[in-house]
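Chemist: let me see the structure of the following:
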Amino acid sequence: QVQLVESGGGLVQPGGSLRLSCAASGLTFSRYAMSWYRQAPGQERERVATISSGMLSTNYADSVKGRFTISRDNAENTVYLQMNSLKPEDTAVYYCNAANTYIRANFWGQGTQVTVSS
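Modeler: Residues are numbered from 1 along each chain as shown. Next up is the predicted model:
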């Protein structure tokens, strides 16, 4: 049974930082590309950042480039999202995603709330 468990969300002031974590179990973590998505109220879910299975590449939504950094620790089966210079428009539920296109596998976490407000 695959589980993705996010943590690290919370309330932060504009300009502040948060680090999200997603602990994975029940899958061969190193074989999955890992992504963070977010969904704000009334909006569609959008991809924020992706890191490849081999950690050879990362890519980011334009809205977070230069402020967010995705990383992974394959030994700990964990993916991280370091979020700096947070803005009110970053407020959303953030979801962890694991995807392996070769076997058509796709898994989601339950989400963690990030609120940026003064």
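Chemist: could you report the pLDDT at Met34?
Modeler: Listed pLDDT for Met34 reads 98.
Chemist: what are the bridge partners for the spatially closest residue to it that is not a sequence neighbour, then?
Modeler: Residue nearest to Met34 in three dimensions, not counting chain neighbours: Val79, with 4.1 Å by Cβ to Cβ, 6 or more residues apart in numbering. For the C-beta atoms, the positions are set from N, CA and C on the backbone; glycine is no exception. Residues in a beta bridge with Val79, per DSSP bridges, are Cys22, Arg72.
Chemist: which ones are touching the residue nearest the centre of the chain?
Modeler: With the centre of the chain defined as its mean C-alpha position, the nearest residue by Cα atoms, centre = their mean is Trp36, 2.5 Å away. With contact set as Cβ atoms under 8 Å, 6 or more residues apart in numbering, Trp36 has these partners: 20, 22, 47-50, 70, 79, 81, 94-97.
Chemist: tell me how far Gly9 lies from Phe29.
Modeler: Distance, Gly9 to Phe29, by Cβ to Cβ, to the nearest Å: 21 Å.
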